[in-house]
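Chemist: Mind folding the following:
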Amino acid sequence: MAGFRSLAYQVRDARNDRALRRHSLRRCLERFAPYGHRATWWHLCDRHGIAPEDRAADPQRLVAALEELEEARAVWLEYERQFAERRRREKHDGLRRPEWAWGGSGDAVVRCADPGVRPEGTLGEVLRRLVAALESTPGTACPVCGEQELHWPSAAGAGGGPWAGAWAWDGPLCAGCGIVVPRPALTESALGDSALGDSALGGPSGADSAAGAAA
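Modeler: As a prediction, this is how the structure comes out:
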């Protein structure tokens, strides 16, 4: 199976026809898609003027989209590298306190529950904001856009649609930019408030949220 770098090379290779270069870019998203596959593809298409179904897209636009994806991937790999190094030092010093490095939501780093609702800015900018939040004290707002309105999926939504799957409990949904906000970026009170705010709409209680996360 081709890795991300090999696929990126195929996107850049001018000897390949346009259809193959586009296909290779789509396959890059199977290796790294920060918002989830469809949301990341739509984001790249919107930013770089690519029609999502165009199999003969302008190669320059494909390469520009690839470069944005590569920048974001580098940001995330550096975060993972630094976290692993810190944990090794802590273990060497005898610190066994469990610490949760955000590993993403399923196949996404910061999932967009609705592929049509996504954060402003490049993928790299968004991931830098997320990393800054994960490396600092938990907050009460979305670390990407600053929106204070966060809510858990309703009981109906949790069973199907965009919230289907275990990742529905990775964090509450931001009403501003549409991301599933990672739990480690939020205080316990913020997580509880978002659950309580949804209780009147049939959403999970705080206890239900914790049970869902543990499941």
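Chemist: count of neighbours near the residue lying closest to Cys142 once chain neighbours are set aside?
Modeler: Taking CB to CB, 6 or more residues apart in numbering, and ignoring the residues beside it in sequence, Cys142 has Cys174 as its nearest neighbour in space, at 4.0 Å. For every residue, glycine as well, the C-beta is placed using N, CA and C. Cys174: 27 surrounding residues under other CB atoms under 10 Å.
Chemist: which ones are touching Cys174?
Modeler: 142, 144-145, 147, 149-150, 180-181 (CB atoms under 8 Å, 6 or more residues apart in numbering).
Chemist: tell me the pLDDT at it?
Modeler: The predicted local confidence for Cys174 comes out at a pLDDT of 96.
Chemist: show me where the protein has strands.
Modeler: Assigned by DSSP state E, the chain shows strands spanning 150-151, 173-174.
Chemist: of all those strands, which lies closest to Arg27?
Modeler: Taking CB to CB, strand 173-174 is the member of those nearest to Arg27, at 28.7 Å.
Chemist: so how far is the closest one from its chain's centroid?
Modeler: In this view, strand 173-174 has its centroid 12 Å away from the chain centroid, taken as CA atoms, centre = their mean, to the nearest Å.
Chemist: Equivalent analysis for stretch 42-54, please.
Modeler: In terms of CA atoms, centre = their mean, the centre of stretch 42-54 is set 18 Å apart from its chain centre.
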